[in-house]
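Visitor: Have a look at this prediction, sequence included:
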Amino acid sequence: MIGSRGFRCKRWRAFASALLVSGLAVFWAACNRKDGPSSEDVRPAGSEGAADAATASTVKEVLETARHPWLRWPDLADVTAALDDLYARESDRLVWFEGERALPALQEAIDALSRAEDHALRPSDYDSERIQEEWKRLSAKEPVEATERALFDLALSIGVLREIQAVRTGRVDPRTLDWGYDVTPKKLDRASLLLGARDGSGVAALLDGLEPSFPHYERNRKMLAHYRSLARAGEPEPVPSLSKGRRKVAPGESWVGVPQMRARLRVFGDLAQDAAAAATPDATIVYDAALVDAVKRFQRRHILDVDGVVGSATIEAMNVPLSARVRQLELAMERGRWLPPFGDRPTVFVNVPIFRLWASDPVRDEEVLRMNVVVGKSLSHNTPLFVEDMEYVIFRPYWNPPYGIVTEEILPKARRDPSYLDAERFEIVASGDDDANAFPATPENLEAVAAGRLYVRQKPGPRNSLGLAKFIFPNRANIYMHGTPAPYLFARTRRDFSHGCIRLEDPAGLAEWVLRDVPGWTRERIDTAMRAERPTQVNLREPLRVVIFYDTVHVNSENVVHFVSDIYGHDRTLDEALERGYPYPEEDRVLKNSARTLRERSEPGANAPRRPRPRGWGPAALLHSKSHSRTTPMLARVSPLTAEGTART
C-alpha cells in the first residue's frame, strides 16, 4: 500500500484527536458554569488540536485559491488536481510531517530538488533555495506555527510534483509549440508516485527512474555534465574576426587569431592538450598542420565544410559560448521527454537540422542504417515534426504537386511556355486513375487547372520529383520520404531545400530495410520495381514507427558531440516558452490553434483561392483510416491521387 507507514500513524493520530475532542465536549457540558472555564480548562494556543485546525485551514485555502504565497511560480493550476489527491490521502493534511516531527524523507526530498540540474532542470523553478532556507529557519524555531509548517509542506510537495512531471514528459506540452507529439499517454499518478517515494527509496531514485531510457537521452545527459564543467572553468577568449578585406585563413598562413583558436579547440577537445605549435620563429601565430586537423574535426562536428580553411562561419561557430552549448543540451533533453517509449520497436528517426536519418531495430543485431536527407526550407517550408507509422512504399510513383506549387510555380511557367509541361513530364488529368486521359496544355485547360476542375501530375520516371520511391506514413501535413532526381544536393553540408517532405540519399537502401520482413522483396526485386513503367505499392508487414525530430545537438555512439544551427528557430521558441515559467499551457488551451495550423499546412499555398477536390484527393483521404492502405487488395495498381494526396517535395 502506497504511503502505508505514514498512513497508519496518521490514521491513529486522527482517531486519538477525535476521542480527545469528544472528551472535551462532554467535559465542557458537565462543567458549564456562569463564570466560564477557568484558565486550567483552556488548551494553550500551540497545542495539537489548534495546530490541526490551522493546518487544515491553510491547506484548504491554498488548494481552493490554487496559489502559494511565497513560491517563485505561485499559480498552481498545473498541480492542483495532484495536490487535491495527495492531501486528501493524508488525514492530518500534512505529507512530510508526523505532528511536529519531520519524516526522514523530508530532507532527502529537499536534496533531490537541489539536484534538479542533473535532469537538465533549474532548481530555482522548484524553489529549491527558498525551501532549504525555510527548512533551516523552521528547524531552528520553537515553536513552529502550524500555518508555517503547512505552507512549507505544500511548497515541498509542489516542487516534487512539478519535477516528477518535468522529468517524465517535459515542462512544455509540445502541441503548444505546434509539434505533432502527444505526451498524454505518459501522464502519471503523481500523488501515488510521491507517496511511494516518501515511504520507499526516495524522490531522487524516483526521478532517475522516470527519465527516458533511450541511448540518445543518456548520452545527452552525460555530455551536459561535461559542458557544465567546462563552463564553470571559465570561457576561453573568443577568436577575433578576420581583418577587413580578409575572407579566410588557409593552412600555413599567419594570423593573429591562432592563439585564441588554439585555446578554444583545446577546451572543446578537438586539439590535444599537449599539442605543440609548429617550430617556427612566429609559431604562436602560424596556422600549422596540427591546428588544421583540429579545425577539420571541429568543422565536421558542426556540420560545416570540412576543408580546414578558417572563414567567418567557422569563427562564428567557435565563438558560441559554452553556456549556449549547455542550453542546447538542456533543450535537447526537454524534447527527449516528449518522445514515446521506444521499447523494442524498429524505428526510422530523422533529425531535421542535422539532415540525417537513422533506421534501427533493437531486437536485431544489425548495423544501424544511416543516410543524409534533404529537409524543408527554413522560413518558408519547414518540415513538420511528429511521430507516425509508416504503412507502405510506392515504387515508380506519380507526383501530384499541391495546389500552392501548381498555381505559384508550375502554371506561370506553363503559360509562358506551352512546351513546359511536356518537357518536365507533367500531364493534365481529370481524375486520379493511372489510366486517366491526358489533356493538352491549352490556355483553356490551364485555366481549368487553376480553377480546380482539372489537375496536374508528373509522370513516373527518373526525372520525377519524388525519384523512384516514396515512403508513406499517413499524417495530416501530407509529409513523406522519397527519392530525388537531384542527388548532388546531398554533397552540401546544409540541406534545407525541399517544400517540406524528406528527400533520401539512398531510397533503395531504405526500401530494402523497411521491407526486409515482406516475403519476396529482395534488393533485386526492389531495383526492378524502381525501373518499371507503372507504380507499385508494397504494404509493410507491420507498421513502422517514424519519428521526425528536431535537435540542434547530437551525441553519437562514439560519444562525439555535434552542434548545428537552429535553422527553424525551434530552440529559441522553446527557450522562450520555458522562461515563462509554471504553469505551462496544456494541450486543451491550444487545440483549436493547432487544428487550424495543421489545416493550413495540409494545403500549401493556403492564401491562394481554394479549389474543389476530386474524390479521394488530399488530406481527408489520409484521415479516414490509417489502416485503409493495408486493406487494399491490389498492390501493383494504385491511384496516384488516393495513394498520396497532394503532397510537397
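Guide: Right, received. Where do you want to start?

Visitor: Would you mind listing where the stretch 401-550 of the chain has pLDDT under the threshold?
Guide: Scanning the stretch 401-550 of the chain for pLDDT under 70 picks out nothing.

Visitor: if you set the cut-off to 90 instead, what comes out?
Guide: Scanning the stretch 401-550 of the chain for pLDDT under 90 picks out 401-405, 418, 431-437, 452, 533.

Visitor: What segments of it are strands?
Guide: Along the stretch 401-550 of the chain, the stretches classed as strands by DSSP state E, counting those that start in this stretch are 426-429, 455-458, 469-472, 481-482, 496-498, 502-504, 536-549.

Visitor: swap in the stretch 1-150 of the chain?
Guide: Assigned by DSSP E, counting those that start in this stretch, the stretch 1-150 of the chain shows strands spanning 97-98, 101-102.

Visitor: Deepest-packed of these, please.
Guide: strand 97-98 (a mean of 18; mean count of other C-beta atoms under 10 Å). In this view, the C-beta of every residue, glycine as well, is placed from N, C-alpha and C.

Visitor: Report the rounded mean pLDDT for that one.
Guide: In this model, strand 97-98 has a mean pLDDT of 94.

Visitor: And that strand, what does it pack against?
Guide: On a contact count with 3 or more C-beta pairs under 8 Å, 6 or more residues apart in numbering; DSSP states H and E, strand 97-98 meets helix 4-30.

Visitor: which residue packs closest to residue 251, ignoring adjacent ones?
Guide: residue 292 (4.6 Å; C-beta to C-beta, 6 or more residues apart in numbering).

Visitor: For the one you found, pull up the helix or strand it's in.
Guide: helix 289-301 (DSSP states H and E).

Visitor: okay, the nearest residue to residue 122 once chain neighbours are set aside: pLDDT?
Guide: Nearest residue to residue 122 in three dimensions, chain neighbours excluded: residue 116, at 6.3 Å (C-beta to C-beta, 6+ apart). The model reports residue 116 with a pLDDT of 97.

Visitor: Please apply the same query to the one 3 residues further on.
Guide: Residue 119 carries a pLDDT value of 96.

Visitor: With the one 4 residues further on instead?
Guide: Predicted confidence (pLDDT) for residue 123: 96.

Visitor: Quick one: neighbours of the nearest residue to it once chain neighbours are set aside, just the number.
Guide: Leaving aside its sequence neighbours, residue 123 sits nearest to residue 116 (C-beta to C-beta, 6+ apart; 4.5 Å). Neighbourhood size, residue 116 [other C-beta atoms under 10 Å]: 21.

Visitor: what sits against residue 116?
Guide: Residue 116 makes contact with 122, 123, 125, 126, 128, 163, according to C-beta atoms under 8 Å, 6 or more residues apart in numbering.

Visitor: ok, 10 Å please
Guide: By C-beta atoms under 10 Å, 6 or more residues apart in numbering, the residues touching residue 116 are 122, 123, 124, 125, 126, 128, 159, 162, 163, 166, 167, 207.

Visitor: quick one: what helix or strand has the residue most central in space within the chain in it?
Guide: Using C-alpha atoms, centre = their mean, the residue of the chain that lies closest to the mean C-alpha position is residue 335, 2.7 Å off. According to DSSP H and E, residue 335 maps onto helix 322-336.

Visitor: so the following helix or strand past that helix versus helix 322-336, what angle?
Guide: From helix 322-336 onward toward the C-terminus, using DSSP H and E, the following helix or strand is strand 347-351. Angle between the axes of strand 347-351 and helix 322-336 is 150 degrees (criterion: axes from the mean of the first three to the mean of the last three C-alpha atoms, to 10 degrees).

Visitor: Alpha carbons of the helix or strand following strand 347-351, in CSV - could you do that?
Guide: Downstream of strand 347-351, the first helix or strand assigned by DSSP H and E is strand 356-360. Extracted C-alpha coordinates of strand 356-360, given in CSV (Å, rounded to 0.1, in the frame of the first residue of the first chain):
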residue,chain,number,x,y,z
ARG,A,356,20.4,12.8,-41.1
LEU,A,357,18.3,9.6,-41.0
TRP,A,358,18.8,6.6,-38.8
ALA,A,359,16.9,3.3,-39.0
SER,A,360,17.4,0.7,-36.3
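
Visitor: Neighbouring strands - and their directions - for strand 356-360?
Guide: strand 347-351 (antiparallel), strand 369-376 (antiparallel) (DSSP bridges).

Visitor: and of the ones you listed, who's closest to residue 424?
Guide: When these are compared by C-beta to C-beta, strand 369-376 sits nearest residue 424, at 19.4 Å.

Visitor: buried stuff in the closest one?
Guide: 369, 371, 372, 373, 374, 375, 376 (16 or more other C-beta atoms under 10 Å).

Visitor: quick check: angle from that strand to strand 536-549?
Guide: 80 degrees.
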